[in-house]
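> Below is the sequence, then the predicted model.
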Amino acid sequence: MSRGALQGRTAAEPRARKRFGQHFLHDPAVLERIAAAVAPGPEDRLVEIGPGRGALTEYLLGTACRSLDAVEIDRDLAALLRERFAAEPRLTLRAADALRFDFSGLAEERGGRLRVVGNLPYNISTPLLFHLLESASSILDLHVMLQREVIERMAAAPGDPAYGRLTVMLAPWVDVEPLFEVGPGAFRPPPRVWSAVARLTVRAAPRFPVHPGFASLVAAAFSQRRKTVRNSLRGRVSVEQIERCGIDPGARPETLAPERFNALAQVSAAAD
């Protein structure tokens, strides 16, 4: 169905629900810019997380994508979308919680790796990104809109004020490229913060062999941000082990490259 035909359709539009963190993107210029950044090809299997009222869905279906699976937790919105796009055979509505959705299973069902797109709810953005990373081998890339400060954290370098747990946890699996910022007026209702869009390209192989204890050690290191590595990891890694990794025990976690945390996880496990 053409974009013009879709725009001509009308339906009762459910209100945004705070418990789902809903802010519906409506600015055509921003929608077109996101679709252009994704630039789907005829073999691309798209997944849209949180399609809402279908504004971005419409633009994505206006491309040459092979298929589009839309994951929507709000069943009223899912019903609205199912009716609105009933004549579009490439779209499949999944009334489900993205935090529990099986993205690896969907990739297997679709016969190839997925390209994920979404205006992610800000109140679950970090756990949702971590959940998606569990299926990294089934995903080609992600184009996500998040709170601007979150995008800054994702793309930060060691020593930057925004550098933290999220930065380090993403680093082995994806390359982060901030694309553009989006003001509150592009949404209904407008959020109180600015947003930004980023491209996360899944690496063909992890940046380094990730130790099983990597995630828990990173969480411990950043649990009290102002502490030094020596103090934040007390009881897990000794001063001697920290020094053996070539790290100053008096350094703060936000100054360490992701590979350093992996080295600390290795020596911590060796000591057990």
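Here it is on my side, so go on. Numbers count the residues shown, from 1 in each chain.

> contacts and neighbour counts: CA atoms only from here.
Fine.

> Domains in the protein, by residue range?
For the chain, automatic domain parsing gives the domain ranges 3-202, 214-271.

> and of those domains, who's closest to F208?
With Cα to Cα as the criterion, F208 lies closest to domain 3-202 of the domains of the chain, at 6.3 Å.

> For that closest one, give the mean pLDDT please.
If you average the pLDDT over domain 3-202, you get 90.

> R236: how many residues sit nearby?
As a burial measure, R236 scores 18 neighbours (other Cα atoms under 10 Å).

> any idea which helix is longest in this structure?
In the chain, assigned by DSSP state H, the helix with the most residues is helix 258-271.

> In three-state terms, label L46 for me.
What DSSP: H, G, I helix; E, B strand; the rest coil gives for L46 is strand.

> Give me the neighbour count for it.
L46 has 29 nearby residues by other Cα under 10 Å.

> Surely it touches T63?
No: if you go by Cα atoms under 8 Å, L46 and T63 don't touch, sitting 10.8 Å apart.

> joint contacts of the two?
Listed as contacting both L46 and T63 by Cα atoms under 8 Å, 6 or more residues apart in numbering are P40.

> At which residues are the strands of the stretch 51-200 of the chain located?
67-72, 91-95, 114-119, 139-147, 174-182, 187-188, 195-202 (DSSP state E, counting those that start in this stretch).

> Need the ones you listed in CSV (columns: mean neighbour count).
Listed next are the strands of the stretch 51-200 of the chain as CSV, based on neighbours: other Cα atoms under 10 Å:
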stretch, mean neighbour count
strand 67-72, 23
strand 91-95, 18
strand 114-119, 24
strand 139-147, 23
strand 174-182, 18
strand 187-188, 15
strand 195-202, 21
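
> mind checking which of the ones you listed is nearest F130?
Proximity to F130, assessed across the strands of the stretch 51-200 of the chain by Cα to Cα, is greatest for strand 174-182 (11.6 Å).

> P189 reaches F24, doesn't it?
Yes: applying Cα under 8 Å, one finds P189 in contact with F24, separated by 6.8 Å.

> In terms of neighbours, single out the busier of the two.
Counted by other Cα under 10 Å, P189 and F24 do not tie: F24 has more neighbours, with 22 against 15.

> How much space separates that one from A269?
Applying Cα to Cα, to the nearest Å, the value for F24 to A269 is 46 Å.

> what do you get for L129?
From L129 to A269 the distance is 26 Å (Cα to Cα).
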